[in-house]
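J.: just coords:
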């Protein structure tokens, strides 16, 4: 019938909205402090190799006049044993180490030369460093090298990150 419209049901839900996906991506992009856009991301856990990486990243940020994004990735532990039927479920373990690292960094004189922010994440270290780098449109990711048997057996974070990252990765020995 001409001029007659069928009303949409009130409880009808839209399956996919490409506009909302784009808006969500823009919100995530704009949620970062603009002072740190195109900054230097550095993985930091308080170890000797991460302290060397932090020192290099500070110099790099100072030379380029950019901000420093210090990333600490908290532990995640499986809550179930994978028996081949279901993938393991991971839970975030409260990691008070980030608070301690934040206090240590806040008291450090060597960080007074550059603007910096500490970001805590949970999950796979490589994935989280790359994700933070993407969110901040980082110019580079700086990590310390892994020394030890675990890195040789399972592959180091630096090696895995260098193979998969979409931006330059600087590995500090």
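T.: Nice, thanks for sending it over. All of these numbers come straight from a predicted model, not from anything done at the bench. Numbers count the residues shown, from 1 in each chain.
J.: scan this structure for its longest helix.
T.: Criterion DSSP state H: the longest helix present in the chain is helix 48-64.
J.: which strands or helices does it pack on?
T.: strand 40-43, strand 68-74, strand 140-144, strand 169-172 (3 or more CB pairs under 8 Å, 6 or more residues apart in numbering; DSSP states H and E). (C-beta placed from N, C-alpha, C; glycine too.)
J.: counting contacts, what elements does the longest one pack onto?
T.: Taking 3+ CB pairs under 8 Å, 6+ apart as contact, the helices and strands that strand 68-74 lies on are strand 40-43, helix 48-64, helix 97-106, strand 116-122, helix 125-135.
J.: related to what we said a few turns ago, right, so the helices and strands packed on helix 48-64: which one is the most enclosed?
T.: Compared across these, strand 40-43 shows the largest average neighbour count, a mean of 28 (mean count of other CB atoms under 10 Å).
J.: return the member of the helices and strands packed on strand 68-74 having the minimum mean pLDDT.
T.: The minimum mean pLDDT among the helices and strands packed on strand 68-74 belongs to helix 97-106 (a mean of 81).
J.: list the buried residues in stretch 102-118.
T.: Buried residues in stretch 102-118, defined by neighbour count with 16 or more other CB atoms under 10 Å: 105, 111, 114-116, 118.
J.: what's the span of stretch 119-128, first residue to last?
T.: 10 Å (CA to CA, to the nearest Å).
J.: tell me which residues of that stretch come out buried.
T.: For stretch 119-128, using 16+ other CB under 10 Å, the buried residues are 119-122, 125-126, 128.
J.: for residue 65, state which of those residues is nearest.
T.: residue 119 (20.4 Å; CB to CB).
J.: so what's the closest residue to the closest one other than its chain neighbours up against?
T.: Leaving aside its sequence neighbours, residue 119 sits nearest to residue 71 (CB to CB, 6 or more residues apart in numbering; 5.0 Å). Listed by CB atoms under 8 Å, 6 or more residues apart in numbering, the contact partners of residue 71 are 41-44, 118-121, 128-129, 132.
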